[in-house]
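*Asks:* Sequence and predicted structure below; questions after.
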2 protein chains.
Amino acid sequence: MTEPRWLNADERRAWLALLSINTMLPAALDNQLHTAGKVSLFDYNVMAMLSEAEGRFLPMSELAARTSSSLSRLSHVVTKLEKRGWLERRPHPGDARVTTAHLADAGMATLVALAPGHVEAVRAKFLDALTERDVADLARIGEKIVARLDDDHWILREN
Amino acid sequence: MTEPRWLNADERRAWLALLSINTMLPAALDNQLHTAGKVSLFDYNVMAMLSEAEGRFLPMSELAARTSSSLSRLSHVVTKLEKRGWLERRPHPGDARVTTAHLADAGMATLVALAPGHVEAVRAKFLDALTERDVADLARIGEKIVARLDDDHWILREN
DNA sequence: GTGCGTCACTTGAACGCTCAACCACGGCCT
DNA sequence: AGGCCGTGGTTGAGCGTTCAAGTGACGCAC
């Protein structure tokens, strides 16, 4: 057992900053979405991912991948959103094991209503702090970290 | 009400990457800490912040600031860690309103035991994916974002 | 075609976090 | 001295997340 390599100054700065962002940024965006429409950032994201999918539906596992969440977490949230009439579960025709989550019209409507405020918040709390160059750097660096955590994460898929 | 400015390609990449990191990185580190010692990342951080403070104690509000958490969340966690004998609450001599959290010897011991594995995990899941240059860039960009979210956040303090 | 491992998902219980209400103290102001 | 507001902290209820266990369905081996 050798002595661990402790963090140097920049490593510590990067790590502490990421840790803080990690707790403060979702809190800020959750807050905006919750006051605008009783929706969490995660709820919003689930619906946003469905809205961008062809036919506005996705298998649960694919949706879980696109929200970086566990199937269990997603399942609970989908039941919640289903009760609000925003989503619908349907069996998959070809494979009886898979369930697909469909974005209902009501869900699409709330998403459309929420989107401008949410994008504004993302800019206000995050992007507006950065230059164009920063954003490009962050995209590059961020994707490296994502690749390290999950080497075939969906955001890294080509095309 | 004007049309919102939607995200361009780099903005979207940066935002999606950050969102994914945000859920996957804490999960990975939580996991390591939990299997190594039934401790969450937040628990670890609370103790780490105390261990670095002079005298190994801090007022609750200062500790909340250094962990970017609400006083309420911190209070709950401190009671939990206190029950394990790792922390101790004491009244502040000068001001009866403030409570100070002290890191007990047992807490320091578990921290020392956990630290090498934790630092290794931080490297493995995060820093090792990046070049020196990336780390410096990320530190700079990260601190900009932190400043935007909380302009007198403790990590930005000079001295 | 029967068995068996895997896959896709769901569920319930335990745990953690958030939010709002609350309390006590300190620092004012008059 | 009394009244007031702001500060520092705690608590309990409600909700969300995690974890482990369970249910079918698919597909491959033989």
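*Replies:* Looks like it came in fine.

*Asks:* so does the longest helix seen in chain A get close to DNA strand D?
*Replies:* The residue-count maximum for a helix in chain A (DSSP state H) belongs to helix A:9-37. No. If you take Cβ under 7 Å from any atom of the strand as the test, helix A:9-37 misses DNA strand D, and the best it gets is 9.0 Å. Quick note: C-beta positions are derived from backbone N, CA and C, even for glycine.

*Asks:* That helix: which residues count as buried?
*Replies:* For helix A:9-37, burial by neighbour count (16 or more other Cβ atoms under 10 Å in any protein chain shown) applies to A:10-11, A:13-26, A:28-30, A:32-33, A:36.

*Asks:* And the next helix or strand past it?
*Replies:* helix A:41-52 (DSSP states H and E).

*Asks:* Would you mind pulling the contact partners of that next one?
*Replies:* By Cβ atoms under 8 Å, 6 or more residues apart in numbering or on different chains, the residues outside helix A:41-52 that reach it are A:26, A:29-30, A:33, A:56-58, A:63, A:66-67, A:69, A:74, A:77-78, A:80-81, A:86-87, A:101-103, A:107-108, A:110-111, A:114-115, A:118, B:19.

*Asks:* I'd like the next helix or strand past that helix.
*Replies:* Next helix or strand after helix A:41-52 toward the C-terminus (DSSP H and E): strand A:57-59.

*Asks:* hmm, that following strand touching DNA strand D?
*Replies:* No. Contact of strand A:57-59 with DNA strand D (Cβ under 7 Å from any atom of the strand) is absent, the minimum separation being 12.8 Å.

*Asks:* returning to that earlier point: report the entries of the buried residues of helix A:9-37 that also contact chain B.
*Replies:* A:10-11, A:13-26, A:28 (Cβ under 8 Å from any Cβ of the partner chain).

*Asks:* shaky segments in chain A?
*Replies:* A:1-3, A:159 (pLDDT under 70).

*Asks:* Where does it get nearest to DNA strand C, which residue?
*Replies:* A:S61 (2.8 Å; Cβ to the nearest atom of the strand).

*Asks:* Now that residue. Nearest residue, chain neighbours left out?
*Replies:* Of all residues not flanking A:S61 in the chain, A:L71 sits nearest, at 6.4 Å (Cβ to Cβ, 6 or more residues apart in numbering or on different chains).
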